[in-house]
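Colleague: Return atomic coordinates for the entry below.
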Amino acid sequence: MSELATSEYLIILFYNPISSIGKQALAYATGEGHDVREVDILKYQFTGTLLKELADRLNIPIEGLINKKHPEFEKYKDSNFSDSDWITVLRENTELIKEPIAIRGHQAMFVETPSDLSRL
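Modeller: Model prediction:
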């Protein structure tokens with residue numbers, strides 16, 4: 001069973017409330033009248049299963065979930081980690097998750113600009 005139950009009528013937005021693009025994406029989605037379930041990545045307790053499912057939905061490897069521009073990434077940049085190692089890093093350092101991630105139904109995307117949400 002999927003840990004990430006989705007609906008065509010709901011946008012799930014994984015975002016960092018400190019990030020300007022995260023706040024803008026949330027404002028855009030709610031402003032457009034979409035039903036939005038907000039997931040604050042700094043407070044959410046991610047499971048390994050959910051991280052794997054997010055990567056699968058985005059069609060990327062687990063390592064692709066990492067925000068390599070985040071200052072905290074410096075201590076991991078030369079690591080040759082397995083998927084399970086990266087899952088552990090992301091579960092312990094949720095601020096390293098590249099965001100925002102929007103999911104609607106079976107579609108998922110990294111949001112680069114708020115208007116990207118119109119493609120979901």
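Colleague: Helices of this structure, residue ranges please.
Modeller: Here the chain has its helices, by DSSP state H, at 20-31, 48-58, 83-92.
Colleague: To Lys69, which of the ones you listed lies closest?
Modeller: helix 20-31 (11.8 Å; Cβ to Cβ). From N, CA and C alone the C-beta is placed, and that goes for glycine too.
Colleague: quick revisit: can you put the helices of the chain in a markdown table and add mean pLDDT and mean neighbour count?
Modeller: Formatted as a markdown table, those follow (pLDDT from 0 to 100; neighbours: other Cβ atoms under 10 Å):
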| stretch | mean pLDDT | mean neighbour count |
| --- | --- | --- |
| helix 20-31 | 93 | 17 |
| helix 48-58 | 96 | 17 |
| helix 83-92 | 96 | 16 |
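Colleague: If we ignore the residues flanking it in sequence, what's nearest the residue positioned nearest the centre of the chain?
Modeller: By Cα atoms, centre = their mean, the chain has its centre lying nearest to Ile101, at 3.8 Å. Excluding the flanking residues, the one nearest Ile101 by Cβ to Cβ, 6 or more residues apart in numbering is Phe14, at 4.3 Å.
Colleague: Export the helices of the chain to a markdown table and append columns for distance to Gly64.
Modeller: Shown next, in a markdown table, are these (distance: least, Cβ to Cβ, whole Å):
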| stretch | distance to Gly64 |
| --- | --- |
| helix 20-31 | 17 |
| helix 48-58 | 6 |
| helix 83-92 | 9 |
